[in-house]
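A.B. asks: Just to be clear, the model below is a prediction. Sequence and coordinates:
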Amino acid sequence: MAGSGDWVRGEFEAAVDGTAVESEIAAVIGDRGLTELTEAVVVIHRGKLVVEAYADGVDCETTLISWSMAKSITHALVGIAQADGLLDVVEPAPIAKWQVDARRAITLQHLLEMRSGLSWVEDYVDVDSSDVIAMLFGSGAQDNAKYAIERPLASEPGSEWIYSSGTTNIITRVLGDVLGDAGGSENITRFVQQRLFDPLGMSSATIRCDDVGTFVGSSYVFATARDFARFGFTYLNDGLCAGERVLPAGWADHARRQTVFDAESDLGYGAHWWTLPGEENSLLASGYQGQYIIVVPQRELVVVRLGKTNSEKRPNVLASLRRIIEAFPSV
């Protein structure tokens with residue numbers, strides 16, 4: 001990667017099964033029965049862009065939605081804020097409404113690990129029961145964090161893993177508060193841009209905030225596939241970009257410290273990042289409809305896939321990405 005500019009182009013090295021990579025990408029790019037719509041695939045090997053492909057109407061300058069990959073970007077922002085002395089993840093979350101009941105024991109680390117204990121239903125289909133749909137599109141749409149903060153405890157903080165988009169927006173509300181935003185988004189937007197996107201050269205990236213100024217860190221980052229790869233590459237390099245430290249040293253290890261194995265997804269979970277079984281020290285940012293940034297240190301590899309795939313076919317997407325990954329040798 002050439003500093004914060006464009007990716008350096010590279011060829012497949014001799015040890016890479018380039019034919020397998022290209023064949024796999026050709027089989028899924030565009031509208032295909034196996035994986036539905038794959039809009040973009042970008043593969044970075046040893047800091048060089050070795051292959052990319054796009055569906056009709058999409059190219060390297062097209063910005064696409066992150067969905068829950070934004071959670072992993074939120075993890076990066078928390079690391080930067082902690083290094084600045086603004087936050088301490090082991091301390092209780094500074095939520096005034098929680099100080100009068102047992103929720104006062106919830107730490108930022110609990111929130112990052114999805115172990116807050118707060119009641120939550122992460123369902124993308126059932127409108128009547130889904131908290132995430134209500135938060136993003138229903139009664140909580142104007143103030144996402146308020147909706148999530150008001151959830152009651154379902155279990156003791158730290159005792160149970162429940163995947164929750166609400167926890168992320170609580171974190172981003174805390175982040176906005178410590179940055180001095182009060183009913184606005186000016187400071188958080190500047191912080192994201194100046195402390196993360198600009199240093200990484202993510203020139204296409206933007207965030208979306210709700211009506212009260214909270215960055216919707218659960219769901220709403222927009223960027224090109226190349227720029228999402230820049231984000232993944234920074235975690236591959238322990239927070240360094242072009243020799244400059246963007247994230248605190250060891251923050252990538254914080255992300256991959258596995259909390260639980262989720263049998264439903266066949267993935268591990270760390271702190272606002274997933275992990276890929278069988279790939280040592282891997283990290284995986286995952287979003288609704290099959291958005292992925294996969295970081296594989298043992299193969300010096302970052303793979304990005306963006307598209308629109310229903311939940312039943314997402315295992316096909318992940319299987320395809322695994323075949324691409326396995327075409328690159330371990331070091």
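C.D. replies: Received it, and whenever you're ready, just let me know what you need. Numbers count the residues shown, from 1 in each chain.
A.B. asks: Show me the helices in this structure, by range?
C.D. replies: Ranges of helices within the chain are 18-28, 69-83, 108-112, 131-137, 144-149, 165-178, 186-192, 198-200, 225-236, 251-256, 314-326, based on DSSP state H.
A.B. asks: Turn those helices into TSV, including mean neighbour count.
C.D. replies: Bear in mind the C-beta positions are built from the backbone N, C-alpha and C, glycine included. Formatted as TSV, the helices of the chain follow (neighbours: other C-beta atoms under 10 Å):
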stretch	mean neighbour count
helix 18-28	17
helix 69-83	24
helix 108-112	24
helix 131-137	20
helix 144-149	24
helix 165-178	26
helix 186-192	19
helix 198-200	18
helix 225-236	25
helix 251-256	21
helix 314-326	19
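A.B. asks: Redo those as a markdown table? Include distance to residue 296.
C.D. replies: Listed next are these as a markdown table, based on distance: least, C-beta to C-beta, whole Å:
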| stretch | distance to residue 296 |
| --- | --- |
| helix 18-28 | 13 |
| helix 69-83 | 15 |
| helix 108-112 | 22 |
| helix 131-137 | 29 |
| helix 144-149 | 32 |
| helix 165-178 | 24 |
| helix 186-192 | 26 |
| helix 198-200 | 19 |
| helix 225-236 | 8 |
| helix 251-256 | 11 |
| helix 314-326 | 6 |
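A.B. asks: for those helices, which one sits closest to residue 242?
C.D. replies: Shortest separation from residue 242 across the helices of the chain is recorded for helix 198-200, at 8.7 Å, computed as C-beta to C-beta.
A.B. asks: ok now the closest one, how far from the chain's centre?
C.D. replies: Helix 198-200 has its C-alpha centroid displaced from the chain centroid by 17 Å (C-alpha atoms, centre = their mean, to the nearest Å).
A.B. asks: Output the contacting helices and strands for that helix.
C.D. replies: When contacts are defined as 3 or more C-beta pairs under 8 Å, 6 or more residues apart in numbering; DSSP states H and E, helix 198-200 sits against helix 225-236.
A.B. asks: what's the angle from the helix it packs on to helix 69-83?
C.D. replies: Put simply, helix 225-236 runs at 40 degrees to helix 69-83, going by axes from the mean of the first three to the mean of the last three C-alpha atoms, to 10 degrees.
A.B. asks: Restrict helix 225-236 to CA atoms and write it as PDB.
C.D. replies: Extracted in PDB, the C-alpha atoms of helix 225-236 (Å, rounded to 0.1, in the frame of the first residue of the first chain):
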ATOM      1  CA  ALA A 225     -14.500  -2.000  -1.400                       C
ATOM      2  CA  ARG A 226     -10.900  -0.800  -1.700                       C
ATOM      3  CA  ASP A 227     -11.400   1.500   1.300                       C
ATOM      4  CA  PHE A 228     -12.900  -1.200   3.400                       C
ATOM      5  CA  ALA A 229      -9.800  -3.200   2.500                       C
ATOM      6  CA  ARG A 230      -7.700  -0.300   3.800                       C
ATOM      7  CA  PHE A 231      -9.400  -0.600   7.100                       C
ATOM      8  CA  GLY A 232      -8.800  -4.400   7.300                       C
ATOM      9  CA  PHE A 233      -5.200  -3.900   6.300                       C
ATOM     10  CA  THR A 234      -4.600  -1.700   9.300                       C
ATOM     11  CA  TYR A 235      -5.700  -4.500  11.600                       C
ATOM     12  CA  LEU A 236      -3.500  -6.900   9.700                       C
END
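A.B. asks: Mean confidence (pLDDT) on it, please.
C.D. replies: In this model, helix 225-236 carries a mean pLDDT of 98.
A.B. asks: for the protein, which spans come out with low pLDDT?
C.D. replies: 1-5 (pLDDT under 70).
A.B. asks: Give me the sheet partners of the strand ranked longest in it and which way each runs.
C.D. replies: Scanning the chain for the strand with the most residues, using DSSP state E, yields strand 36-45. Applying DSSP bridges to the sheet, strand 36-45 is found paired with strand 30-32 (antiparallel), strand 48-54 (antiparallel), strand 301-308 (antiparallel).
A.B. asks: taking those together, which one is wrapped up most tightly?
C.D. replies: Of these, the one with the most neighbours on average (mean count of other C-beta atoms under 10 Å) is strand 301-308, at a mean of 26.
A.B. asks: so how far is it off the chain centroid?
C.D. replies: From the chain centre to the centre of strand 301-308 is a distance of 12 Å (C-alpha atoms, centre = their mean).
A.B. asks: Ok, stretch 49-66 next?
C.D. replies: Put simply, stretch 49-66 sits 18 Å off its chain's centre (C-alpha atoms, centre = their mean).
A.B. asks: first to last residue in that stretch, what's the distance?
C.D. replies: 20 Å (C-alpha to C-alpha, to the nearest Å).
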